[in-house]
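>>> Just a sequence and a predicted model for now, questions to come.
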Amino acid sequence: MNLRRRHWVAGSALALLLAGCERRSGGPVELRLWAMGREGEVVKELLADFERINPGIRIKVQQLPWLSAQEKLLTAFAGDVTPDLCQLGNTWIPQFAALGAIEPLGERVDRADGVMSADYFPGIWASNQIDAQLFGVPWYVDTRLIYYRKDLLRDAGFARPPASWAEWLDAMRAVKQRSPQNYGVLLPLNEYEQLLSLALQQDAPLLREGGRFGDFRHADFRATLQFYLDIFKTGLAPRLSATAISNVWDEFAKGFFAFYISGPWNIGEFKRRLPPDKQHTWMTAPLPGPRGPGASVAGGASLVVFKASQHKEEAWKVIEYLSQPDVQRRFYQMTGNLPPRRSAWADPALQGDPYSAAFREQLERAKSPPKVPEWERIGTEMRIVTEALVAGRMTLEQAVTELDARTDRILEKRRWMLDQRGRA
C-alpha cells in the first residue's frame, strides 16, 4: 500500500472512530423530513419544541411544492436518496407501499402509547392500510361535503339542508324554480372528486377482484352516474368547468348556485371572500346520500417513514410527537387543517366554529378511494368519460363500458404482478 493510500485509510478510520464517539457521547442524529406547501413552513415551528425535549435529534425540513412533490419523491426513491420521513397524500400511500419504499408501521403503533388507532376516524385510518399492513399515520384530514345558501333554501321552503338524494333534488328544483336563470349546484366538469364522493356512498366497490378490474358497470355505480347525469339534464347544474367561472365565491354570493361540494380549505376562503352582507347566508352540511346522510371521500395527508432511513426509531419519535392531540390542535390553529384524531377536536376553536361541525360528522362516514397505485390515473379517466357523458357524446351504457375498459387497461400491469406473486 503506498503512503498516500495508507494516510487516507488511517484518516477514514479516525473519522469513523470520532463519529462513533460523538454518537456515544450524545451527538445529535439529523433527520430529513420532507413536507409540502404551507405544512412545510408550519412544521418547522412545531418541531422546535420537539428538538428542545429531544436534544439528541435534529430535524432538517425540506419544503416541496405540491405540484412536483410526487415526481421528486419517485426520483429520490430511484436514486436511493429518500428522506427519513415524509408527508404523503393519502392517495399516494398505495404507490409507495407497492414500490417497497415505505416502512410498515403496525408494530410501532402497537407498542406506542401515544398513537391509538381507535381515536382516529376509521375511514382516514383505513386509507393508510394496504393488505392489512399500516404504512402511514394520518397527519391531517379532509373530506367533502356541501356548502349551501341557507337563505335561498329558506326562501324556497326548506328549513334544513337535505339529507338524501331525493331531498337534495327537491331543494335544487325549488331553488331553480324561484330563479330560473340560476342553478341548484355547481359540479365542475374538470373535476372528478364530486362524483367520486357520491360513488363511495354506494355499497359496491369501484374495483373488483382485489383491484384487478374496474366495476363501473355495477348497478350501484350506474345509479350514481344516472343521478349525477340527471342533475345536468334537468338544468340543475351548469355544464361548466371550474376554469369557466372567474370567481366561485362571487358567483356563490350572487346566488348563481345554491350548493357547492368542497372541502375544509374553503371555510376560510368563504369567510374571507364573501361580502359582509352575505356572511350570515351560508353554512355547511354533511353530504346527502342515496337513502340518507351519505359517505364522502377520505382525504388529507399522512406521515411515513422510508425504508432506506438509517434512523427509523428517531423518525418514529417525530411521528409520535406530531400525532399528539395537543400538537394537532396547534397545527389546526396554524393551518386550518382538520385533525384526524377525535380527541383533538376538543379544541375550543373547532368546537366554536359552526362550519367545522359538519366536517366532524362527515369524517365519521369518510371512505377511502380504491387503494391501488393506479387510482389517480383511473380518476382522470373517470373525469374524461363523465365529461363526454354530460356533453351528450356518450350514453350512460357507453360511459360505464368505456370506463371499465380504460380502467382494465390501466390495471393490466397490476394483474400481471399479482399473478406472478401468486405463482411464487
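Yep, it's here.
>>> Could you tell me the end-to-end distance of stretch 370-380?
14 Å (CA to CA, to the nearest Å).
>>> So for stretch 173-191, first residue to last residue, what's the gap.
Termini of stretch 173-191 sit 23 Å apart (CA to CA).
>>> nope, stretch 227-244 is what I meant
For stretch 227-244, the end-to-end distance is 23 Å (CA to CA).
>>> Which residues does it contact?
165, 169, 172-173, 176, 183-191, 195, 198, 248, 257, 290, 386, 389-391, 396 (CB atoms under 8 Å, 6 or more residues apart in numbering). The C-beta positions use only the backbone N, C-alpha and C, and glycine is treated the same way.
>>> What about these, which are in helices?
165, 169, 172, 173, 176, 195, 198, 248, 386, 389, 390, 396 (DSSP state H).
>>> that's a helix at residue 381, yeah?
Yes. Counting by DSSP: H, G, I helix; E, B strand; the rest coil, residue 381 is part of a helix.
>>> Report pLDDT for the spatially closest residue to it that is not a sequence neighbour.
Counting by CB to CB, 6 or more residues apart in numbering, the nearest residue to residue 381 once its immediate chain neighbours are dropped is residue 406, at 4.5 Å. Here, the pLDDT recorded for residue 406 equals 98.
>>> Check residue 374 too.
Reading off the model, residue 374 has pLDDT 96.
>>> where does it sit relative to residue 144, distance-wise?
Residue 374 sits 22 Å away from residue 144, taking CB to CB, to the nearest Å as the criterion.
>>> burial measure for the residue nearest to residue 381, as a count.
19 (other CB atoms under 10 Å).
>>> That one: which element?
For residue 406, the element it lies in under DSSP states H and E is helix 396-410.
>>> who's in contact with the very next helix or strand once past that helix?
Next helix or strand after helix 396-410 toward the C-terminus (DSSP H and E): helix 412-423. The contact list for helix 412-423 (CB under 8 Å, 6+ apart) reads 210, 211, 212, 213, 372, 373, 374.
>>> number of nearby residues for the third one?
This points to residue 212. 15.
>>> For the stretch 151-300 of the chain, which segments are assigned as strands?
183-186, 207-208, 213-214, 257-262, 282-285, 296-297, 299-305 (DSSP state E, counting those that start in this stretch).
>>> Filter the contacts of helix 412-423 down to the buried ones.
Buried subset of those (neighbour count, 16 or more other CB atoms under 10 Å): 211, 213, 372, 373, 374.
>>> Would you mind measuring from the second one to residue 225?
It refers to residue 213. From residue 213 to residue 225 the distance is 18 Å (CB to CB).
>>> and what of the last one?
According to CB to CB, residue 374 and residue 225 sit 21 Å apart.
>>> how far away is the residue nearest the centre of the chain from residue 89?
In the chain, the C-alpha nearest the mean C-alpha coordinate belongs to residue 299, at 2.3 Å (CA atoms, centre = their mean). Residue 299 is 8 Å from residue 89, where distance means CB to CB.
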